[in-house]
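[1] Here you go, sequence then predicted model.
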Amino acid sequence: MKMKLATLALGAVMAAGPAMAELVFPSLSYRTGPYAAGGIPFADGYADYFTLLNERDGGIGGEMIEVPECETAYNTEKGVECYEATKDLGSLVYQPLSTGITYQLIPKITADGIPMLTSGLGRTSAKNGAVFPWVFNFPANYWDGASVAIKHIIEEEGGDISGKKIALVYHNSAYGKEPIRTLEKLSEKHGYELTLQAVDHPGQEQKSQWLQIRRERPDYVIMYGWGVMNQVAIQEAVNIRFPMENFIGIWWSGSENDVKPAGDGAHGYKALTFHNLGDDYPLYDDLKKHVFDKDLAAGSGDQHGTAIYNRGLYAAMLVAEAAKTAQEIHDTSKITPAMMRDGMEALEMTEEKMESLGLPRFGPEFKVSCENHGGNGYAAIGQWDAKAGEWKLVTDYMQSDQEIVQPLIEADSMAYAEENGITPGCN
């Protein structure tokens, strides 16, 4: 049985609901627009993993899986429309892959009782499940990424970065602004000078920002970019001969599409990641046998093994394991969104489990709880090897500075609770 995966127009999405499937995981994708270079591989990886489960395992717990896909073009208004058009299909969890859409959906999914997973994106303080019971952002968040970037810089500098200059080049949106507070707190702790360079959507014009960087001569640049902004920034960095090994992107600025346009000039560029890279995993053998060789791959089938395709696989794997957990907790294969939420809050990812899934050493271990919807804040650094044409992990997973990150999460989540009349609590 081939899983239904047409990209659906809003008017047709209701008619394209599941016929036989009992587990519905909508895909709010964006295969068009200036952010399609990131949206396409994620959507493909997300879909292919569920196709694999259908073809190889007969779904999850005997229930077939459906992934109705709705095109958002990374537009917040369209994302909300896609949510409204798909939420009554029996949808069990949403992954909007957009911080803007995430912010708009938090009150909606809370009112509707449908969980949302925003791995590595969205509202960071949603890690506090006592305030955000329906939102999850494991295994890492934006503030973890900022902290791990600084931790890596500290290691590169022999343990002391006092007096160093660090510039943040960021997408001028809720997403790009997320790390600013964390980096400011870390600058107070470690004594570096932080400068900010905002880049307006979609990011095709950045000459003034990089001329400013050339004048200020920062020791390191951290980037929170997405889509075409990334490749433009990397090319501008090459143009001013900024040392690539001192240029570190967040995980949304670390795809093959970001570095390949700059050719050899991008060699040495670094990016954070909360999962492993490449396709040297047993899971890919199963994908080849049950999905690729059967011509069931999503999209054009040319994204396999890329960084963001792997992120889509990883996202689907986390959802599938949470669904299995929910089925076990409630002793039924036909889970509801509320049961799915329970499965997500009880999810535990161990190395033993990842190895059994054909993804050994693919991501950090973590355990979810009511108080912690976000994991333990581990991320690693990947580096682009232009000669080999691939990303390579160059560090182990490192934990973010919890002494900085956790108080920020507590303060922000409690402020949200007060503003919205929420009484925090865990059952």
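    Here it is on my side, so go on.
[2] Could you list every helix and strand in contact with the lengthiest helix in the chain?
    Criterion DSSP state H: the longest helix present in the chain is helix 307-330. Other elements packing on helix 307-330 under the criterion 3 or more CB pairs under 8 Å, 6 or more residues apart in numbering; DSSP states H and E are helix 36-52, strand 116-117, helix 337-345. C-beta coordinates here come from the backbone N, C-alpha and C atoms, glycine included.
[3] which one of these lies closest to residue 395?
    helix 36-52 (22.9 Å; CB to CB).
[4] between the closest one and helix 307-330, how big is the angle?
    40 degrees (axes from the mean of the first three to the mean of the last three CA atoms, to 10 degrees).
[5] which neighbours does the helix or strand following helix 36-52 have in its sheet, and in what orientation?
    Counting by DSSP states H and E, the next helix or strand C-terminal to helix 36-52 is strand 65-66. Its sheet considered, strand 65-66 pairs with strand 23-24 (parallel) by DSSP bridges.
[6] Give the next helix or strand downstream of the partner strand.
    Using DSSP H and E, the helix or strand that follows strand 23-24 in sequence is strand 27-29.
[7] same for that following strand, what does it pack against?
    Packed next to strand 27-29, using 3+ CB pairs under 8 Å, 6+ apart, are helix 36-52, strand 69-71, helix 76-86.
[8] now those as CSV including mean neighbour count, mean pLDDT and distance to residue 360?
    Shown next, in CSV, are those (neighbours: other CB atoms under 10 Å; pLDDT from 0 to 100; distance: least, CB to CB, whole Å):
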stretch, mean neighbour count, mean pLDDT, distance to residue 360
helix 36-52, 26, 97, 16
strand 69-71, 23, 97, 30
helix 76-86, 20, 97, 34
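[9] CA atoms only for stretch 260-277, dumped as PDB, please.
    Output of stretch 260-277 as PDB, limited to C-alpha atoms (Å, rounded to 0.1, in the frame of the first residue of the first chain):
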ATOM      1  CA  LYS A 260      27.500  24.100  -2.600                       C
ATOM      2  CA  PRO A 261      26.900  27.400  -4.500                       C
ATOM      3  CA  ALA A 262      30.100  28.900  -3.000                       C
ATOM      4  CA  GLY A 263      32.200  26.000  -4.300                       C
ATOM      5  CA  ASP A 264      35.600  25.500  -2.700                       C
ATOM      6  CA  GLY A 265      35.200  28.800  -0.900                       C
ATOM      7  CA  ALA A 266      32.800  27.200   1.500                       C
ATOM      8  CA  HIS A 267      35.300  24.600   2.600                       C
ATOM      9  CA  GLY A 268      35.600  24.600   6.400                       C
ATOM     10  CA  TYR A 269      32.200  26.300   7.100                       C
ATOM     11  CA  LYS A 270      30.600  24.900  10.300                       C
ATOM     12  CA  ALA A 271      27.000  24.300  11.400                       C
ATOM     13  CA  LEU A 272      25.400  22.900  14.500                       C
ATOM     14  CA  THR A 273      23.300  19.800  14.300                       C
ATOM     15  CA  PHE A 274      21.200  17.700  16.800                       C
ATOM     16  CA  HIS A 275      21.400  14.500  14.700                       C
ATOM     17  CA  ASN A 276      24.100  12.700  12.700                       C
ATOM     18  CA  LEU A 277      25.000  13.200   9.000                       C
END
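[10] What are the buried residues along that stretch?
    Using 16 or more other CB atoms under 10 Å as the test for burial, stretch 260-277 gives 261-262, 265-277.
[11] out of those residues, who's nearest residue 123?
    residue 274 (16.9 Å).
[12] picking up where we left off before, go through the helices and strands packed on helix 307-330 and name the closest to residue 285.
    Across those, residue 285 has its closest neighbour in helix 36-52 (10.8 Å, CB to CB).
[13] what about this structure, any weak spots by pLDDT?
    Scanning the chain for pLDDT under 70 picks out 1-21.
[14] can I see the domain layout of it?
    Using automatic domain parsing, the domain parsing of the chain gives 7-140+277-376, 142-273+379-406.
[15] who touches stretch 323-334?
    22-23, 60-63, 92, 335, 339-340, 342-344, 346-347 (CB atoms under 8 Å, 6 or more residues apart in numbering).
[16] ok, and the most crowded of these?
    residue 23 (29 neighbours; other CB atoms under 10 Å).
[17] Tell me, how many residues neighbour residue 25?
    26.
[18] got it, and residue 206?
    20.
[19] Would you mind confirming that it is in contact with residue 232?
    Yes. Counting by CB atoms under 8 Å, residue 206 does reach residue 232; the two are 5.4 Å apart.
[20] What segments of the stretch 201-350 of the chain are strands?
    Counting by DSSP state E, counting those that start in this stretch, one finds strands in the stretch 201-350 of the chain at the ranges 220-224, 247-249, 270-273, 348-349.
[21] Any chance of JSON lines for these, columns distance to residue 76?
    As requested, the strands of the stretch 201-350 of the chain are exported to JSON lines (distance: least, CB to CB, whole Å):
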{"stretch": "strand 220-224", "distance to residue 76": "18"}
{"stretch": "strand 247-249", "distance to residue 76": "23"}
{"stretch": "strand 270-273", "distance to residue 76": "25"}
{"stretch": "strand 348-349", "distance to residue 76": "30"}
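[22] Of all those, which one is nearest residue 138?
    The closest of these to residue 138 is strand 348-349. By CB to CB, the value is 8.1 Å.
[23] who does that closest one pair up with?
    Under the rule (DSSP bridges), strand 348-349 has strand 366-367 (antiparallel) as partners.
[24] Which elements pack onto whichever helix or strand comes after the partner strand?
    The helix or strand immediately downstream of strand 366-367 is strand 378-385, counting by DSSP H and E. Helices and strands touching strand 378-385, by 3+ CB pairs under 8 Å, 6+ apart, are helix 142-156, strand 270-273, strand 390-393, strand 398-399.
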